[in-house]
Structures are given as C-alpha cells and as structure tokens.
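Peer 1: The following block contains a protein sequence and its predicted model.
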Amino acid sequence: MPDIKTFRAETMNQALQLVKQELGPDAFILHTRQVPIKSLLPWQKERVETEIVALAGEENMPPQPQSLAKEVHVGNIINQPSAPNQSPVQHSRPRFSPDKGEAIIENRIENPATEIKPTEIVVVEEPQTESAKLEKLVNERLDALQNMVEQLTQQVQANASPNIPPELFDVYTELIDSDIEDDLARELITRLRHRCSQEDLEHPERIRAYLLGMVESQINCRDAIQVTPGQQKIVALVGPTGVGKTTTIAKLAANFRLRDNIRMGLITVDTYRIAAVEQLRTYADIIDLPMKVVTSTTEMKQAVEELSQMDLILIDTAGRSPQDELRIQELKNYLSEIVVDEVHLVLSATTGYRHLKKTVEKFSAVQPTSVIFTKLDEAPGLGSLVNVCGKLGQSLSYLTTGQNVPNDIEPAEPTRTANLVLGYEQIET
C-alpha cells in the first residue's frame, strides 16, 4: 500500500518543506488545495491554509491524473531526436524548489541510443487565495483610477491654459489649493485678467492686492449678535453633528456674560447626547448662568417664559444629519413654538463643498439667518468660506479658530476673512 500523507501549512512554501522533511526529495505531489480554517473565537477572521497530498518513494509513482493537466502550466518543450526503431519511454519525477514555493515535475524520455535529457518542464502553480485575487482586483482598479485622473488632469490643463494667462496661472492654482471651487476660481481669474493692465501683470503685489479685493467682495458678513438691555433676544444655534455647536455657544455665553455683563440664560434641546448636556451645564455653572433642558415643544415654551427677564437667551440644539429630514423637521417644530430672532447655522471649515452645499440646502427648512464657521485652525484650506458665501449666498456671523473658551472666536469681517482664505494672514495658535 503506497504511503500517502497529507500536509498543511500557512503557505505553499512551508507545506513543501514539510513534505520534503517527511517524505524526502523524491516524494510525488498528488494534490494541492486551499483549506479555509474557521476560528474558534467569533471576533477573529477565518484563515486559509495550504494542503498538499503527497506519496513517498519513486517506486510508488502513480500515473499522472487528468485533473493535474488542467491545473499546470506547460513551459517550453525541448524536442530531442529519438533513435531509429526505438520507442521512447516517458517517466515523470518531481523535484522541489521550496524557495519559489513550487513543485516542479520533469518528464524525461529514455532512449537506448541516447542519454536521458529533459524535454519538458511542468510547473504546478500555487492556487490563488481569495485575498490574493482581491488584492489583484484592487490593484487593477487603482491603476485604472490613476490613469483616469492623469487623463482628466491633462484635459483640465489643456482646457485651462488657453483661458488663463501665464502670469495668472500661479494665482489660479493658489485659489484651487485653498479649496475654492474651480468655477468660482475661474470667475475670479477672468475678472482679474480684465482688471489688470499688462504693467500690473508684471507686479505680483498688484495682482494679489486686486485679488484680495475681489475675494473680499464675494464674502458677505452679518453683524455679530447685538443685545439691547431691556429687549429680549433669542438666538438658536443649529447644524450637523460634530461641528462644535456646544463649544461655540459656551464661547458666546462666556463673552456676553463676563465681558459685556449681559443678563442671559441657556436652553438646550440636545437630549440625544447626555455628554453634551453635561458639558454645557458645566460651562453654565462656571459662568453662573441659569440653564434649562427641554425635551418637548411644550417645555420649550415654558423655558422661554421662565427666562423672560433675561436680555439674551442662547439655544443649543442637537446635531442633525442633513440626510435625516425627519429630525430637521422636529427641530423646526421646536423653534416654531417660540419667537427666534436669529438662527445661526454652524458649519465646519474642514467639510468639503458638496457636503456643505447639501447641509445648507437641508437646513434651509429652519430658515438660518447666518453661518458660523468653526475649526478654521484644523482646515487645510479656507476656500469653503468663500464657496458658501459666493456660491450658496450665505452670510457669515462668527469664525472660531480653536477650542479655548471663551477665546478663539471672532465676529466675521470681510477683509480679515479674505486674508485668511488667501493665506495673507495666519491664525494665531
């Protein structure tokens, strides 16, 4: 009975080493396959091992199975002449190449009149695992995407070059690098080209001065919150999750209470995140402000009545996803129960234009009066401030430049904002 054994290892190379150690270099490879091994722990991923079925001893060599012929790759065939009237006898003998992770079978032809010479090399290739196939597919997709990007870049450069004078091309790339949308950047360059004379184009400082004025004209700013003693004003902050509404309202509250000595109170409807409520309550205790937590429209009306003696009421709301129209409608219902003088939409400067556009469109249901931009210190470019004003028609009220309370907040001002966008001024950290 032939001595047939099965070997398993993590790789083909390791499995072949086991075969060689156990059965010697003259062992015959009968079958190889990939075997999935399920983990005993549910959080661990399934792994794959290589299985080799091998036969010991050259005298036990079986005939080559048909299935093997379908799995192997046949290399170059070296034809050797046979002696007349002699029938060649073919033998197969496997040898190992563990350093390449392959089993190699040499077919030889024996003729009485000639010496034994190799005539055919057959390589049994290691079957591809699912991970290898996936990696190959991902690499192919990445190559295709890279080629597409290169083609698009070439097209953009080809289309852009005739419309942009060489003297303004660096200015155009600076606008794009600052995250100003391409069509708005082209509009600014077109206006700049008509504004500058040939002499101006030879002086970069003049070009940048003109550009600063054009960018400034794109930025609409609204006055900061104005409070008149004896006249109550209610201001609400709304926006998507994670943009820093609670920290921003704490900065506003601290400045109005500690710097301007305004009588004021806080209302929060951010009942979805207990941590946010506790964070605002901590600020309220430090600043010595009354704070109301509401969970219904009825409680909202009651909270406003209880704070009726205050000159300013700031309302902190829960973050809503622009995709969640139901939650935005719920927010609208809260605010419709009272008379809100100002609604500030809080946006992050780190957010891309497409998401900003969708956020502005969805939150239009609560009729925001202005935009507060946060996280200017974290954004690689501040072109989003120009995009929201110039392309979406919004007005800016405040900019926040860090996490420090009550600092790191300033009223939005067109010249200062334009200088920040173009990099002529830096945010102090």
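Peer 2: Everything's here; your move.

Peer 1: State the distance from Q34 to T11.
Peer 2: According to Cβ to Cβ, to the nearest Å, Q34 stands 11 Å off from T11. Backbone N, C-alpha and C define where each C-beta goes, glycine included.

Peer 1: per-residue pLDDT, the closest residue to F28 other than its chain neighbours?
Peer 2: Excluding its sequence neighbours, the residue lying closest to F28 (Cβ to Cβ, 6 or more residues apart in numbering) is L55, at 4.4 Å. Looking at L55, its pLDDT is 78.

Peer 1: re earlier: overlap in contacts of Q34 and T11?
Peer 2: Here Q34 and T11 have T50 as joint contacts, going by Cβ atoms under 8 Å, 6 or more residues apart in numbering.

Peer 1: about what we covered before: ok, what's across the strand from the residue nearest to F28?
Peer 2: Per DSSP bridges, the residues bridged to L55 are I4, F28.

Peer 1: thought it was touching H31?
Peer 2: No - checked against Cβ atoms under 8 Å, the pair L55 and H31 is beyond contact range at 10.1 Å.

Peer 1: next structured bit after the strand or helix carrying L356?
Peer 2: Assigning secondary structure by DSSP states H and E places L356 in helix 353-363. Downstream of helix 353-363, the first helix or strand assigned by DSSP H and E is strand 370-374.

Peer 1: The helix or strand just after that next one - what's its average pLDDT?
Peer 2: Using DSSP H and E, the helix or strand that follows strand 370-374 in sequence is helix 383-390. Mean pLDDT, helix 383-390: 93.

Peer 1: Quick one: residues in contact with helix 383-390.
Peer 2: By Cβ under 8 Å, 6+ apart, the residues outside helix 383-390 that reach it are 175, 178-181, 184, 215, 218-220, 347, 349, 351-353, 356, 360, 371, 373, 394-396, 399, 417-418, 420-421.

Peer 1: So which elements touch the helix holding L356?
Peer 2: helix 325-336, strand 342-348, helix 383-390 (3 or more Cβ pairs under 8 Å, 6 or more residues apart in numbering; DSSP states H and E).

Peer 1: domains of the protein?
Peer 2: Per automatic domain parsing, the structural domains of the chain span 4-77+88-127, 164-218, 233-422.

Peer 1: tell me the most buried of the ones you listed?
Peer 2: Mean neighbour count (mean count of other Cβ atoms under 10 Å) peaks for domain 233-422 among the domains of the chain, with a mean of 19.

Peer 1: re earlier: could I get the domains of the chain as TSV with distance to A224?
Peer 2: Formatted as TSV, the domains of the chain follow (distance: least, Cβ to Cβ, whole Å):
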stretch	distance to A224
domain 4-77+88-127	52
domain 164-218	18
domain 233-422	4
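
Peer 1: Please, where are all the helices along the stretch 201-350 of the chain?
Peer 2: Secondary structure of the stretch 201-350 of the chain by DSSP state H, counting those that start in this stretch: the helices cover 204-218, 245-254, 274-287, 297-306, 325-336.

Peer 1: shaky segments in the protein?
Peer 2: Scanning the chain for pLDDT under 70 picks out 1-2, 39-46, 57-133, 135-136, 147, 150-163, 270-276, 429.

Peer 1: how close does the closest residue to Y353 other than its chain neighbours sit to V138?
Peer 2: Setting aside the residues directly before and after it, Y353 is nearest to N387 in space (Cβ to Cβ, 6+ apart), at 5.2 Å. Distance of N387 to V138, computed by Cβ to Cβ: 33 Å.

Peer 1: Equivalent analysis for N261, please.
Peer 2: Look at N261 and V138: by Cβ to Cβ, they are 61 Å apart.

Peer 1: do V35 as well
Peer 2: Note on V35: its distance to V138, by Cβ to Cβ, is 24 Å.

Peer 1: if I look at the closest residue to D260 other than its chain neighbours, how far off is K292?
Peer 2: With sequence-adjacent residues excluded and distances taken as Cβ to Cβ, 6+ apart, D260 is closest to V227, at 7.3 Å. Distance from V227 to K292, counting by Cβ to Cβ: 19 Å.

Peer 1: Likewise for L212?
Peer 2: Per Cβ to Cβ, L212 is found 45 Å from K292.

Peer 1: next one: L252
Peer 2: Counting by Cβ to Cβ, the gap from L252 to K292 is 17 Å.

Peer 1: And for G352?
Peer 2: G352 is 36 Å from K292, by Cβ to Cβ.

Peer 1: how about the strands in the stretch 151-300 of the chain?
Peer 2: Secondary structure of the stretch 151-300 of the chain (DSSP state E, counting those that start in this stretch): strands located at 233-238, 264-268, 291-293.

Peer 1: These into a markdown table, with extra columns for distance to P204?
Peer 2: Listed next are the strands of the stretch 151-300 of the chain as a markdown table, based on distance: least, Cβ to Cβ, whole Å:
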| stretch | distance to P204 |
| --- | --- |
| strand 233-238 | 41 |
| strand 264-268 | 48 |
| strand 291-293 | 53 |
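
Peer 1: ok now do V269, which residues does it touch?
Peer 2: Counting by Cβ under 8 Å, 6+ apart, V269 touches V293, V294, T295, M300, I315, D316, T317, A318, L331, Y334.

Peer 1: and those as TSV, adding distance to E278?
Peer 2: Shown next, in TSV, are those (distance: Cβ to Cβ, whole Å):
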residue	distance to E278
V293	10
V294	16
T295	15
M300	20
I315	17
D316	12
T317	16
A318	14
L331	21
Y334	20
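
Peer 1: Max pairwise distance over the residues you listed: which two?
Peer 2: Farthest apart among the contacts of V269 by Cβ to Cβ are V293 and L331. That separation is 15.8 Å.

Peer 1: Quick one: end-to-end distance for stretch 282-296.
Peer 2: Distance between the two ends of stretch 282-296: 23 Å, counting by Cα to Cα, to the nearest Å.

Peer 1: Name the residues that touch it?
Peer 2: Defining contact as Cβ under 8 Å, 6+ apart, one finds that stretch 282-296 is touched by 250, 253-254, 257-258, 264-269, 271, 277, 280-281, 299-300, 302-303, 306-307, 310, 334, 405.
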